[in-house]
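J.: Have a look at this prediction, sequence included:
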Amino acid sequence: MNLIDFSSSFVSLLPAVIALTLAILTRRVLLSLGVGILLGAVLLNDMSITGTLAYVGASVSGVFIEDGGINSWNMSIVAFLILLGVITALLSVSGATLAFANWAMGKVKNRRGSQLLAAFLGVFIFIDDYFNSLAVGTVSRPVTDRYKVSRAKLAYILDSTAAPMCVLMPISSWGAYIMALMAGILASHGISEYTPLAAYVASIPMNFYALFALLMVFAVIYFDLNVGAMTRHEQQANDGDDQSKQESHELPMVIEGVQAKARDLITPIVVLIIATISFMVYTGGQALSADNKAFNIFAAFENTDVGMSLVYGGLVGLAMTLFTIIKRGIGFADISKAAINGAKSMLGAILILLFAWTIGTVIGDMKTGSYLSTLATGNIDIAWFPVLLFLLSGFMAFATGTSWGTFGIMLPIAGDMAAASDIALMLPMLSAVLAGSVFGDHCSPISDTTILSSTGARCNHIDHVATQLPYSLSIAAISAIGFIIIGFTGSSSLALLVTSLFFIGLVGLLRMICIEQSRSTAPT
């Protein structure tokens, strides 16, 4: 299939920009993504109707079939979503979710506590962002609902603890992927002063966006910093009319006569977590063995099959869930009905993901990333390189909906730029790419991690994007200041210190805004 090359043209941006703009304006995600897909197909095939239809068909089939076989990554994520939907429904009808919420009511005393529960779980379950958002959402949602925390706020907590924690932790699917990319960059430029792991660890204090996005979550919770659209959704939730809630299919009510315990929810979720981590180590070890490489934990995570590990872990979690609820006397008919409804509850998220993956193919063929990467080069003072890479990576991740894809394109470019200009800026520039990619991913309506955070919270997707945006942009602004300082001074410590001071000022400013909002809306 002969496609037009837009790698040197701004036209490559059109499908992504149109889809993103329509999604924000119309709040109809599937329609917006569909328009972006069709526009890209038409442009790539030079307005040919037959070429466009053939291309769309091939792009859609590529979501399901790859290299003549099943697209194992995509289908494993879909399977895990279905499994988690089934597990959630079974725990709901058995009364386990309600029992956990009642138990948590005795431990969690207020709205702040319910949000802190979600945040701490998000920090501790850092093994994979998909798993983080869905599992933490499942556990936290009944508690935050009980204390009238909006689903939009829960989605923000999930999203802003998932990717930032994963990108900061070496023992995670993200850490393994990034270290693999860093290894190639260091080797290609003959850098032997530090190993990929050492380079990764050294980059953590310079990943300003991830660090301060995490801190902002706890500041938002502790000081109740509701700004922008979040204010409205929190007020609606407090009034018992949370319009950000989204349930594709209402789950069955708790079966009468079943006496569930809090451990009936905790045990399957803990088993799910342990099983998933175990399978990630196992599949990584299998890959190392196949290549005749020695086993170590970091190498195992680098070579793990995340998708299949999620499915295997989900199956073990489902088996434990079934064992738990059958023990409570729930019959096959009720289990079947709940399982079907649970699978249906994930239909909306699955459809959005399928459309997002398809437009991802279109954006790749439009060479959007290649065009944006050319903007990183030119006659610019090298001191500006870190902040420019941060902003460019952010825009690329926003437009393409993928932080991992942005890592793959921008990290080697950053390495080449540092090697050609000032090797001392290698780690700051790589850190800038990591930070910018997570920033853009947070803001993008077509990002799969954004979609799954909405799914985990059962929140309207566009409501999540709109409510998270002010926090993401604020953290991005102070992160940019940090990268400017590190570019001009070369001191990561000074940059971190100044960025911390700006973060404190930002929190103070948001507190003042929230206090003023409270005064203006208070009855006279």
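T.: Done, it's in. What you see is a predicted model, and the numbers here were worked out from it, not measured in a lab.
J.: tell me the strands in this protein, going along the chain?
T.: With strands called from DSSP state E, the chain shows them at 65-66, 69-70.
J.: so which of the ones you listed comes closest to A397?
T.: Between A397 and these, the shortest separation by C-beta to C-beta is 23.0 Å, and it involves strand 65-66. C-beta coordinates here come from the backbone N, C-alpha and C atoms, glycine included.
J.: So in the chain, where's the weakest helix or strand by average pLDDT?
T.: Counting by mean pLDDT, DSSP states H and E, the weakest-scoring helix or strand in the chain turns out to be helix 368-374, with a mean of 71.
J.: okay, and for the stretch 251-400 of the chain, where does confidence drop off?
T.: Counting by pLDDT under 70, the stretch 251-400 of the chain contains low-confidence residues at 251-258, 302, 369, 372-373, 375-379.
J.: one more time with 90
T.: For the stretch 251-400 of the chain, the stretches with pLDDT under 90 are 251-281, 283-311, 313-314, 324-335, 337-339, 341-382, 385, 392-393, 395-400.
J.: for the strands of the chain, which one ends up most surrounded?
T.: strand 65-66 (a mean of 14; mean count of other C-beta atoms under 10 Å).
J.: Point to the residue nearest the middle of this structure.
T.: Residue closest to the average C-alpha location in the chain (C-alpha atoms, centre = their mean): T449, at 2.8 Å.
J.: S160 is in contact with that one, correct?
T.: No. Between T449 and S160 there is no contact under C-beta atoms under 8 Å: 10.8 Å.
J.: re earlier: check contacts around the residue nearest to the centre of the chain.
T.: 129-130, 133, 159, 162-163, 403, 441 (C-beta atoms under 8 Å, 6 or more residues apart in numbering).
J.: do T26 as well
T.: Counting by C-beta under 8 Å, 6+ apart, T26 touches S32.
J.: how close does it get to V17?
T.: When C-beta to C-beta, to the nearest Å is applied, the distance between T26 and V17 equals 15 Å.
J.: what's the closest non-adjacent residue to V136?
T.: Spatial nearest neighbour of V136, excluding adjacent residues (C-beta to C-beta, 6 or more residues apart in numbering): L121 at 4.5 Å.
J.: what number of residues lie near the one you found?
T.: By the measure other C-beta atoms under 10 Å, the count of residues near L121 is 19.
J.: what's the answer for the one 3 residues further on, then?
T.: By the measure other C-beta under 10 Å, the count of residues near F124 is 13.
J.: same question, A119
T.: Applying other C-beta under 10 Å, we find 22 residues neighbouring A119.
J.: tell me the contacts of it?
T.: A119 sits next to 157, 161, 217-218, 221 when contact means C-beta under 8 Å, 6+ apart.
J.: Give me the pLDDT for it.
T.: Per-residue confidence for A119 comes out at a pLDDT of 93.
J.: Tell me how far it lies from S94.
T.: With distances taken as C-beta to C-beta, A119 is found 27 Å from S94.
J.: do the same with D334
T.: For D334, the distance to S94 (C-beta to C-beta) stands at 9 Å.
J.: same question, M396
T.: Taking C-beta to C-beta as the measure, M396 falls 45 Å from S94.
J.: now do L81
T.: Look at L81 and S94: by C-beta to C-beta, they are 21 Å apart.
J.: The two: which is more packed in?
T.: Each of L81 and S94 had its neighbours counted (other C-beta under 10 Å), and the higher figure belongs to S94 (29 against 23).
J.: Relative to R263, how far out is the nearest residue to that one once chain neighbours are set aside?
T.: If the residues on either side of it in the chain are set aside, S94 comes closest to I325, at 4.1 Å by C-beta to C-beta, 6+ apart. The spacing between I325 and R263, counted by C-beta to C-beta, is 12 Å.
J.: Same question for S479.
T.: Distance of S479 to R263, given as C-beta to C-beta: 41 Å.
J.: Could you do V17 as well?
T.: 49 Å.
J.: residues near the closest residue to M410 other than its chain neighbours, how many?
T.: In space, and not counting its chain neighbours, M410 is closest to V433: 4.5 Å by C-beta to C-beta, 6+ apart. Neighbour count for V433, taken as other C-beta under 10 Å: 32.
J.: what's the answer for F488, then?
T.: Other residues close to F488 by other C-beta under 10 Å number 16.
J.: who's in contact with it?
T.: With contact taken as C-beta under 8 Å, 6+ apart, F488 is in contact with A383.
J.: Report pLDDT for it.
T.: Per-residue confidence at F488 stands at 94 (pLDDT).
J.: what does D422 give?
T.: Among the per-residue scores, D422 shows a pLDDT of 81.
J.: If we ignore the residues flanking it in sequence, what's nearest it?
T.: Distance criterion C-beta to C-beta, 6+ apart; nearest residue to D422, sequence neighbours excluded, is I382 at 5.4 Å.
J.: and that neighbour, what does it touch?
T.: Contacts for I382 (C-beta under 8 Å, 6+ apart) come out as 421-422, 425, 487.
J.: Among these, which pair sits farthest apart?
T.: The distance between the two most remote of the contacts of I382 (C-beta to C-beta) is 10.8 Å, for S421 and G487.
J.: picking up where we left off before, now the contacts of T449 in JSON lines, with distance to M169, neighbour count and pLDDT?
T.: Putting these into JSON lines (distance: C-beta to C-beta, whole Å; neighbours: other C-beta atoms under 10 Å; pLDDT from 0 to 100) gives the following:
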{"residue": "D129", "distance to M169": "11", "neighbour count": "30", "pLDDT": "78"}
{"residue": "Y130", "distance to M169": "15", "neighbour count": "24", "pLDDT": "74"}
{"residue": "S133", "distance to M169": "15", "neighbour count": "28", "pLDDT": "82"}
{"residue": "D159", "distance to M169": "16", "neighbour count": "32", "pLDDT": "94"}
{"residue": "A162", "distance to M169": "11", "neighbour count": "31", "pLDDT": "89"}
{"residue": "A163", "distance to M169": "11", "neighbour count": "27", "pLDDT": "89"}
{"residue": "S403", "distance to M169": "15", "neighbour count": "30", "pLDDT": "84"}
{"residue": "D441", "distance to M169": "16", "neighbour count": "29", "pLDDT": "90"}
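J.: Just name the closest of these to N102, please.
T.: When the contacts of T449 are ranked by distance to N102 (C-beta to C-beta), S133 comes first, at 24.6 Å.
J.: And for D242, the neighbour number?
T.: Residues within reach of D242, counting by other C-beta under 10 Å, total 23.
J.: mind listing what it touches?
T.: Counted by C-beta under 8 Å, 6+ apart, D242 has contacts 148, 150-151, 233, 236.
J.: do you know how far the nearest residue to A19 once chain neighbours are set aside is from F218?
T.: Residue nearest to A19 in three dimensions, not counting chain neighbours: G36, with 2.9 Å by C-beta to C-beta, 6+ apart. Here the criterion is C-beta to C-beta. By it, G36 lies 36 Å from F218.
J.: Looking at these two, which has the bigger crowd around it?
T.: Remark: of G36 and F218, G36 carries more neighbours, 27 against 17, as counted by other C-beta under 10 Å.
J.: Now do that one, the pLDDT please.
T.: Listed pLDDT for G36 reads 89.
J.: just checking, it touches P15?
T.: Yes. Applying C-beta under 8 Å as the test, G36 and P15 come out as touching, 4.5 Å apart.
J.: Can you work out which residues contact both of those two?
T.: By C-beta under 8 Å, 6+ apart, G36 and P15 have these common neighbours: 359, 362.
J.: which of the contacts of A119 lies closest to W357?
T.: In terms of C-beta to C-beta, no member of these lies closer to W357 than T161, at 24.3 Å.
J.: For the closest one, give me its contacts.
T.: Listed by C-beta under 8 Å, 6+ apart, the contact set of T161 reads 118-119, 122-123, 132, 136, 214, 217.
J.: can you check L90 too?
T.: If a contact means C-beta under 8 Å, 6+ apart, then L90 has 318, 321-322, 325, 335, 338-339, 342 as its contacts.
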